[in-house]
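A.B. asks: Next input, structure requested:
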Amino acid sequence: MSTKPTTTDIEWTEWDQRAVDTARILAADAVQKVGNGHPGTAMSLAPAAYTLFQKVMRHDPADADWTGRDRFVLSAGHSSLTLYTQLYLAGFGLELDDLKSFRTWGSKTPGHPEYGHTTGVETTTGPLGQGVANAVGMAMAARYERGLFDPEAAPGTSPFDHFIYAIAGDGCLQEGISGEASSMAGHQKLGNLILLWDDNHISIEGDTETAVSEDTPKRYEAYGWHVQRVEPQENGDLDPVALYAAIEAAKAVTDKPSFIAMRSIIAWPAPNAQNTEAAHGSALGDDEVAATKRVLGFDPEKTFEVSDEVLAHARKALDRGREAKAEWEKGFAAWRTANPERAAEFDRVAAGELPAGWEEKLPVFETGKGVATRAASGKVLQALGAVIPELWGGSADLAGSNNTTIDKTSSFLPADNPLPEANPYGRTIHFGIREHSMAAEMNGIALHGNTRIYGGTFLVFSDYMRNAVRLSALMHLPVTYVWTHDSIGLGEDGPTHQPVEHLASLRAIPGLNVVRPADANETAIAWREILRRYTKVFGKGNPHGLALTRQGVPTYEANEDTAKGAYVLFEAEGSDGQRAEPEVILLATGSEVHVAVEARERLQADGTPTRVVSVPCVEWFDEQDQGYRDSVLPPSVKARVAVEAGIGLTWHRFVGDAGRIVSLEHFGASADGKVLFQEFGFTAENVADAARESIAAVQR
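C.D. replies: Okay, here's the model as predicted:
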């Protein structure tokens, strides 16, 4: 058995150490059984994870969604067994058979932790560094939530005070997203965030000296973090006593996030595999697993060995959790009594309901007037911000361009920030020029719950955000991305800033709803629909990306069918001016809708009954029943033209073999947006010609 530490600061018994060592052999056995995985980090991190789950965190394994709980993020998601073994030992619902089915079909223990799939998993991790940014977002959300419901309470006394803990590895801290997020956390002085760094010096290619030489703790000091280093015991194992002391010291620092560097030896105490890159991502082998069990005092002939005494000892976490929750509920009840109005607001928000009458605040825009959809979105946010306090967000330093400032007088910043609008509970977030971490922080905010988050940048920079956007879709998180400057229509900034492939590329992400409204009224209805969908399934739904114009576009009458994803904007007419069966259908999105409308006028003048269909959201349209879809796009009408200032990949299935697509299959150029539309064929004349070609193709 491993050396047993003793201290008066933490109760650490022989059974605690045995539980840690049990977690180690479970990790080794689970990977060995399936034949693949990452055993080494789970083995070396077992003391840290056990200390967090058994000695530090406030949580109730019987109620994993308890509002008052601390949060834990395993940013090093490849080491999922670090988390799974603790969820099993503490009684979150995993059992030994779940560990035995690690990384297999239908198991509760997939290769990387998945939010919503396994109880106790707070976020899906795997792409390195994402979890660090998720944790930063959770810490931001915790502060904002406190501001909504208990802003006057002294530090540490509110039922809404809790900590966010995260474990990150070398790979997490090499990824740029973690640097972005860590810079943000230091700037925001998130004293409720504690990041433990597994400093094991090993990555897939071997010693991290091959790629990294900076002083990482010094880097975190420069970010504005409180930094500590925990040295291992003499035998090389992580020291839970020293780690516990460091965590307690970190909790006492309320004006800075805390960074704890833990020097570890990967795969400790495997006699031959420890401190090797092979232990990072490969099974140890039967002989090495057996040898490790001998070192730890386990029977090498047994697999998945857990004594009744160890499990009973670890499952005391259920008792401690029940007691902690009961104590918290006393404070929560006292808060409710003292703050009845805020308590009612909390109940509304927690239930996923929006304030009564909120829809009446949505602006309706005058028809005919040219309005940029980004400007319309800004007016919607300002109108709703006054009545939906849980709605907040900002931009990656593009607020003036994205129109994402919900309240100019209230910025989410530490109280000692010199800006006059600084407010630790402010409405407007300044994410800085950090698009990737902004998206992952938004995921963390949504995961934390009890607020509604949006964030903006230019559509072309969604490339920086893509991994986090993909994860928001994978987790079904109701975050809203405000992506402006959505086409070549933005003009003179040129091809580096003009999105071409982005709409089709983003639509390829399963579960992401891309909304490109045609005008100001569609924009308002789109925001309403996004918020309604969030209400139906609070805390789980789908992310939305709003693609909005820089340039002004004509405003049409508001149409409620915007929320269905596609609808008939202008019906086909016969020579008598009455509704007629369309000979051709023009489909368009965003700023190209008015081009389709102008093309329709030309076609109608030539005696060709033409229907214009606005398609603000393909994904919403796909949700509708076949009857509605056929009413908008009758199967009998084969002549169709789709118009969108981007690559045409989205539209082939809508226009069919005889259809035509007016698209942009190359990069843009630097010129006025109107000139580019003319030069690249986004004109009424060109669309009308495409319609005639399609009609001719049908008749052949």
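A.B. asks: Do you have the helices of the stretch 601-700 of the chain handy? List them.
C.D. replies: Secondary structure of the stretch 601-700 of the chain (DSSP state H, counting those that start in this stretch): helices at 618-623, 626-632, 652-655, 673-679, 684-699.
A.B. asks: Oh, that last question was meant for the stretch 1-150 of the chain, not what I typed.
C.D. replies: Under DSSP H, counting those that start in this stretch, the stretch 1-150 of the chain gives helices at 14-34, 39-51, 80-90, 96-100, 130-149.
A.B. asks: what's the straight distance from one end of stretch 159-167 to the other?
C.D. replies: 25 Å (C-alpha to C-alpha, to the nearest Å).
A.B. asks: residue with max distance from the center of the protein?
C.D. replies: Most distant residue from the mean C-alpha position of the chain: residue 576, 53.3 Å away (C-alpha atoms, centre = their mean).
A.B. asks: relative to helix 14-34, how tilted is the longest helix along the chain?
C.D. replies: In the chain, taking DSSP state H as the definition, the longest helix is helix 316-338. Using axes from the mean of the first three to the mean of the last three C-alpha atoms, to 10 degrees, the inter-axis angle of helix 316-338 relative to helix 14-34 is 110 degrees.
A.B. asks: quick one: contacts of helix 316-338?
C.D. replies: Applying C-beta atoms under 8 Å, 6 or more residues apart in numbering, the set of residues contacting helix 316-338 from outside is 53-54, 58-63, 66, 68, 89-91, 149-150, 158-159, 342-343. Backbone N, C-alpha and C define where each C-beta goes, glycine included.
A.B. asks: related to what we said a few turns ago, ok, which of the helices of the stretch 1-150 of the chain comes nearest residue 700?
C.D. replies: Nearest to residue 700, of all the helices of the stretch 1-150 of the chain, is helix 130-149, at 52.1 Å by C-beta to C-beta.
A.B. asks: and the angle for the helix or strand following the closest one with helix 130-149?
C.D. replies: Once helix 130-149 ends, the next helix or strand along the chain (criterion: DSSP states H and E) is strand 164-169. Strand 164-169 and helix 130-149 are oriented at 170 degrees to each other (the same axes, to 10 degrees).
A.B. asks: Please state the mean pLDDT value computed over strand 164-169.
C.D. replies: Across strand 164-169, pLDDT averages out at 98.
A.B. asks: again, but for stretch 527-546
C.D. replies: So the average pLDDT for stretch 527-546 ends up being 84.
A.B. asks: Straight-line length of that stretch, end to end?
C.D. replies: 9 Å.
A.B. asks: Correct me if wrong: residue 454 contacts residue 472.
C.D. replies: No: between residue 454 and residue 472 there is no contact under C-beta atoms under 8 Å: 12.0 Å.
A.B. asks: Show me the common contact partners of those two, please.
C.D. replies: Joint contacts of residue 454 and residue 472 (C-beta under 8 Å, 6+ apart) are 442, 479.
A.B. asks: These two - which one has more neighbours?
C.D. replies: residue 472 (29 against 25; other C-beta atoms under 10 Å).
A.B. asks: The stretch 201-350 of the chain: helices as residue ranges?
C.D. replies: 216-223, 240-252, 278-281, 286-296, 308-314, 316-338, 340-350.
A.B. asks: Is it correct that residue 594 is in contact with residue 555?
C.D. replies: No: applying C-beta under 8 Å as the test, residue 594 and residue 555 come out as separate, 9.7 Å apart.
A.B. asks: Overlap of the contact sets of these two?
C.D. replies: Common neighbours of residue 594 and residue 555 (C-beta under 8 Å, 6+ apart) are residue 519.
A.B. asks: closest one to residue 121 among the helices of the stretch 1-150 of the chain?
C.D. replies: helix 80-90 (6.8 Å).
A.B. asks: Could you check the angle that closest one makes with helix 39-51?
C.D. replies: Using the same axes, to 10 degrees: helix 80-90 against helix 39-51 is 40 degrees.
A.B. asks: which helices and strands does helix 80-90 pack with?
C.D. replies: When contacts are defined as 3 or more C-beta pairs under 8 Å, 6 or more residues apart in numbering; DSSP states H and E, helix 80-90 sits against helix 14-34, helix 39-51, strand 71-74, helix 96-100, helix 308-314, helix 316-338.
A.B. asks: what's the distance between the residue lying closest to residue 474 once chain neighbours are set aside and residue 57?
C.D. replies: Spatial nearest neighbour of residue 474, chain neighbours left out: residue 124 (5.8 Å); criterion: C-beta to C-beta, 6 or more residues apart in numbering. Distance, residue 124 to residue 57, by C-beta to C-beta, to the nearest Å: 20 Å.
A.B. asks: and the residue farthest from the centre of the chain, helix, strand or coil?
C.D. replies: Here residue 576 is coil, with the state taken from DSSP: H, G, I helix; E, B strand; the rest coil.
A.B. asks: Neighbour count: residue 124 and residue 57, which is higher?
C.D. replies: Using other C-beta under 10 Å as the criterion, residue 124 and residue 57 rank with residue 124 on top: 25 against 21.
A.B. asks: In contact with that one, which residues are there?
C.D. replies: Per C-beta under 8 Å, 6+ apart, neighbours of residue 124: 77, 112, 113, 114, 115, 471, 474, 475.
A.B. asks: Could you single out the nearest of these to residue 257?
C.D. replies: Closest to residue 257, out of all of the contacts of residue 124 and judged by C-beta to C-beta, is residue 77, at 20.6 Å.
A.B. asks: Tell me the pLDDT of the closest residue to that closest one other than its chain neighbours.
C.D. replies: Distances taken as C-beta to C-beta, 6+ apart place residue 125 nearest to residue 77, at 3.1 Å, with adjacent residues excluded. With respect to pLDDT, residue 125 scores 98.
A.B. asks: go on, residue 4?
C.D. replies: 44.
A.B. asks: do the same with the one 4 residues further on
C.D. replies: For residue 8, the pLDDT comes out at 44.
A.B. asks: Check residue 208 too.
C.D. replies: 87.
A.B. asks: Residue 364 too?
C.D. replies: At residue 364, pLDDT is 97.
A.B. asks: Report the separation between it and residue 589.
C.D. replies: Taken as C-beta to C-beta, the span from residue 364 to residue 589 is 21 Å.
A.B. asks: More neighbours: those two, which one.
C.D. replies: residue 589 (31 against 12).
A.B. asks: Please name the nearest non-neighbouring residue to that one.
C.D. replies: Nearest one to residue 589, counting by C-beta to C-beta, 6+ apart, is residue 516 at 4.4 Å.
A.B. asks: Check whether the one you found really touches residue 562, as I assumed.
C.D. replies: No: checked against C-beta under 8 Å, the pair residue 516 and residue 562 is beyond contact range at 11.3 Å.
A.B. asks: Show me the common contact partners of these two, please.
C.D. replies: residue 616.
A.B. asks: which of these two has more neighbours?
C.D. replies: Counted by other C-beta under 10 Å, residue 516 and residue 562 do not tie: residue 516 has more neighbours, with 32 against 26.
A.B. asks: What is the burial count for residue 342?
C.D. replies: For residue 342, using other C-beta under 10 Å, the count is 15.
A.B. asks: Now do the same contact list for it.
C.D. replies: Residue 342 neighbours (C-beta under 8 Å, 6+ apart): 148, 149, 150, 335.
A.B. asks: For the first one, give me the pLDDT.
C.D. replies: Listed pLDDT for residue 148 reads 98.
A.B. asks: Which helix or strand contains the residue lying closest to it once chain neighbours are set aside?
C.D. replies: Take residue 148 and drop its neighbours on the chain: the residue closest to it by C-beta to C-beta, 6+ apart is residue 389, 6.0 Å away. Assigning secondary structure by DSSP H and E places residue 389 outside every helix and strand.
A.B. asks: what's around residue 389, how many residues?
C.D. replies: Using other C-beta under 10 Å as the criterion, the residues surrounding residue 389 number 17.
A.B. asks: and if you look at residue 78?
C.D. replies: 22.
A.B. asks: so it makes contact with residue 38?
C.D. replies: Yes: with contact defined as C-beta under 8 Å, residue 78 counts as touching residue 38 (4.6 Å).
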